[in-house]
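S.K.: Pasting the sequence and the predicted coordinates here, then a few questions.
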Amino acid sequence: MTPLRKVFASLFIVGTLTVSGVACSSSDSGTSTAAWCKKFEKVDKEESKSESADIGKAFEGLAKDAPKAIRKDMDMLASAFTALSDIDVTDENAMKELEANYDENEIDAATKRIETFVKDECGYDLNDK
């Protein structure tokens, strides 16, 4: 399994986000960070029983309402989840094409920035999950 495929697999299987909703600043979308954190928590709790297409849509919603500090990162992950949900993950050619469209280092860095944000602003350490 290529490193990028491992990233996609971990994003898809494990999910990335669980929060407890502590902070209360606002994002540019008008959604408070606390409200976004609660929405984030709901997505994470539902992720384990959702179809991949549903996860992509949920992440699109999170990205749209994400605080400015992580909006670009959330957009990238939402795009990756959506792209992943649109292919047959057992199809080697489809996975290679997907991997060509996403830089593993960028996804890894975006995930780390989101983890830091969630810990600092939402009061939840994703590494304790």
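M.R.: On my side now, so go ahead. Numbers count the residues shown, from 1 in each chain.
S.K.: buried set for the helix or strand residue 111 falls within?
M.R.: Assignment of secondary structure by DSSP states H and E places residue 111 within helix 104-122. Using 16 or more other CB atoms under 10 Å as the test for burial, helix 104-122 gives 107, 110, 111, 114, 115, 117, 118, 121, 122. Any C-beta I mention is one placed from the backbone N, CA and C, and that applies to glycine too.
S.K.: Surely the fourth one is in contact with residue 76?
M.R.: No - with contacts defined as CB atoms under 8 Å, residue 114 does not count as touching residue 76, sitting 9.7 Å away.
S.K.: now the helices for the protein?
M.R.: All helices of the chain, identified by DSSP state H, fall at 3-14, 33-47, 52-65, 71-85, 92-101, 104-122.
S.K.: With mean pLDDT added, can I get those in a markdown table?
M.R.: Supplementary listing: those in a markdown table, determined by pLDDT from 0 to 100:
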| stretch | mean pLDDT |
| --- | --- |
| helix 3-14 | 46 |
| helix 33-47 | 80 |
| helix 52-65 | 80 |
| helix 71-85 | 89 |
| helix 92-101 | 88 |
| helix 104-122 | 89 |
